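Please work out how this folds:
(one chain, ligands or ions: 1)
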Amino acid sequence: MKQVEDHYKLSTQYLNVTYVNEKTNTETVALQNININITDGEFICIVGPSGCGKTTLLNTIIGFVKPSKGTILLDNEKVEGPTKDRSMVFQTPSLLPWRTVFKNVIYGVEIQNRDSDETRKLAYDYIEMVGLKGFENSYPHELSGGMQQRANLARALTVDPSLLLLDEPFSALDAQTREFMQQELLRIWSETKKTSIFITHQIDEAVYLADRVIVLGARPGRVVDTVDINIPRPRKLNIKRTPEFLKHSDHIWSLIEKESS
Ligand SMILES: Nc1ncnc2c1ncn2[C@@H]1O[C@H](COP(=O)(O)OP(=O)(O)OP(=O)(O)O)[C@@H](O)[C@H]1O
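Next up, the predicted model:
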C-alpha cells in the first residue's frame, strides 16, 4: 500500500529530539512532535526565538542528530544518518583557506569520491551561476564575506543534493550585502529548483525568500504556525515595502513575540 506521504520530498512525523547530559544527568527537550511536510522544489524558512531548536531540526534532517522519537522521510526513505543527498551551508563560510575557490567547490564531491569530468564541469557551472566566474583561482582570503558564502553555496550545489539546508548563511554579512545575497539566492534557487530549508532570525528575510514560513515556538521547539507567503515570484527587493509583505512580517513577529514573552 502506498504511504500517504508519497508525494512529499521531506516529511517529519512526530519528530522529537532530547539531548541528554550524562555528566549532570539532565535532559533538554529540543524538539517536540514536529510534523512538517515539504513538497519538491519548495523554499521553506524556519524562524523562532533563540534556542527553540532551529539548528537541531536542520541537524536532525541532515542526519547529524538522531531523533529520540519519530521519523524523517526523504523521498520516502527513512533518514538514518548523513548521506550525499543533503547539503548544508553554515552561518560562517567554511572554506579551506589553502584551497582555491575551484578546489573548495569540488571539495564536497572529492570527499564523496565523485570527482570526475562531469562533476568538475558542474562545479564550473555553479561557480558561474553564483557569480564567481573569474575567481576560480582565488583563495578565500582574497574574497569578501559575500563572495565566500557564494563559494559555499556553489560547493553545496555541486554535490547535487536533493535537499539544500541553509543555517543562517547570511548572518555574518552587512545589511546591504545580505539583501543582495537574498536576491541572488532566489535567482539561483529559481534556476536549480532545489528544495531548500533556510533558517533565519530575520523575519523580513524569511518572508522575502519563502514559499512557506514555519514558526517554531520556544522550548521545547514545536510548530506554532505555518504561514503561506503567497507573494508572486520573481520577487524584487522593493516588495519588502508593500502592505502585503508587512502584513506577513507583522503576523510572524506577533507569533514570535508571544513565544518569547
Ligand atoms: N549538543 C547539545 N547538547 C545539549 N543541548 C543542546 C545541544 N545542542 C543544542 N542544545 C540545546 O537544545 C536547545 C535548542 O538549541 P538549538 O541550537 O537547536 O536552537 P536554535 O533555535 O538554533 O538557537 P539559536 O536561534 O540561538 O541559534 C537549546 O536549549 C540548546 O541549549
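
tell me which parts of the stretch 151-261 of the chain are close to the ligand?
Applying C-beta under 6 Å from any ligand atom, we find that the stretch 151-261 of the chain lies next to the ligand at Arg219. In short, each C-beta sits where N, CA and C put it, glycine included.

Ok, the stretch 1-150 of the chain next?
Where the stretch 1-150 of the chain comes near the ligand, counting by C-beta under 6 Å from any ligand atom, the residues are 19, 28, 30, 48, 50-56.

and if we set it to 8 Å?
17, 19-21, 28, 30-31, 48-57, 59, 65 (C-beta under 8 Å from any ligand atom).

Give me the buried subset of these.
When burial is judged by neighbour count using 16 or more other C-beta atoms under 10 Å, the buried members of those are 17, 30-31, 48-49, 52-57, 59, 65.

Just flag the most distant two among those.
With C-beta to C-beta as the measure, no two of those lie farther apart than Pro49 and Val65, at 19.7 Å.

For Ile111, give me phi and psi.
Torsion angles at Ile111 (phi, psi; degrees, to the nearest 10) stand at phi -70, psi -10.

ok so, going back, can you tell me which of the residues of the stretch 1-150 of the chain next to the ligand are in strands?
In this view, those that belong to strands under DSSP state E are 17, 19-21, 28, 30-31.

JSON lines for the residues you listed, including pLDDT?
What follows is those, written out as JSON lines (pLDDT from 0 to 100):
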{"residue": "Val17", "pLDDT": "97"}
{"residue": "Tyr19", "pLDDT": "95"}
{"residue": "Val20", "pLDDT": "92"}
{"residue": "Asn21", "pLDDT": "91"}
{"residue": "Thr28", "pLDDT": "92"}
{"residue": "Ala30", "pLDDT": "96"}
{"residue": "Leu31", "pLDDT": "97"}
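
Output those in CSV; the columns should cover distance to Thr83.
Below are these laid out as CSV (distance: C-beta to C-beta, whole Å):
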residue, distance to Thr83
Val17, 19
Tyr19, 23
Val20, 25
Asn21, 28
Thr28, 27
Ala30, 22
Leu31, 21
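
Could you identify the most distant pair in these?
Taking C-beta to C-beta as the measure, these reach their widest spread between Asn21 and Leu31, a distance of 16.5 Å.

thought Tyr8 was touching Leu74?
No: contact status for Tyr8 versus Leu74: not in contact, 9.2 Å apart, counting by C-beta atoms under 8 Å.

Just the element for Ser196, please.
Following DSSP states H and E, the helix or strand that holds Ser196 is strand 195-199.

Could you look up the next helix or strand downstream of that strand?
Past strand 195-199, further along toward the C-terminus, the next helix or strand under DSSP H and E is helix 203-209.

in terms of contact count, name the helices or strands touching that next one.
Helices and strands touching helix 203-209, by 3 or more C-beta pairs under 8 Å, 6 or more residues apart in numbering; DSSP states H and E, are strand 43-47, helix 175-192, helix 243-260.

and of the ones in strands among the residues of the stretch 1-150 of the chain next to the ligand, the nearest to Val109?
Val17 (29.9 Å).

what residues are up against the closest one?
Under the criterion of C-beta atoms under 8 Å, 6 or more residues apart in numbering, the neighbours of Val17 are 29-31, 53, 56-57, 60, 65, 67-68.

ditto for Thr119
When contacts are counted by C-beta under 8 Å, 6+ apart, Thr119 is found next to 106, 109, 158.

10 Å instead, please
Counting by C-beta atoms under 10 Å, 6 or more residues apart in numbering, Thr119 touches 105-106, 108-110, 112, 158-160.

Repeat that for Thr18.
Under the criterion of C-beta under 10 Å, 6+ apart, the contact partners of Thr18 comprise 27-32, 67-69, 220.

Quick check: closest non-adjacent residue to it.
Nearest-residue entry for Thr18: Ser68, 4.5 Å, with adjacent residues in sequence omitted and distances by C-beta to C-beta, 6 or more residues apart in numbering.

in its sheet, what does the helix or strand of the chain with the lowest mean pLDDT sit against?
The least trusted helix or strand in the chain, going by mean pLDDT, DSSP states H and E, turns out to be strand 86-89, with a mean of 83. Based on DSSP bridges, the strands next to strand 86-89 in the sheet, each with its direction, are strand 163-167 (parallel).
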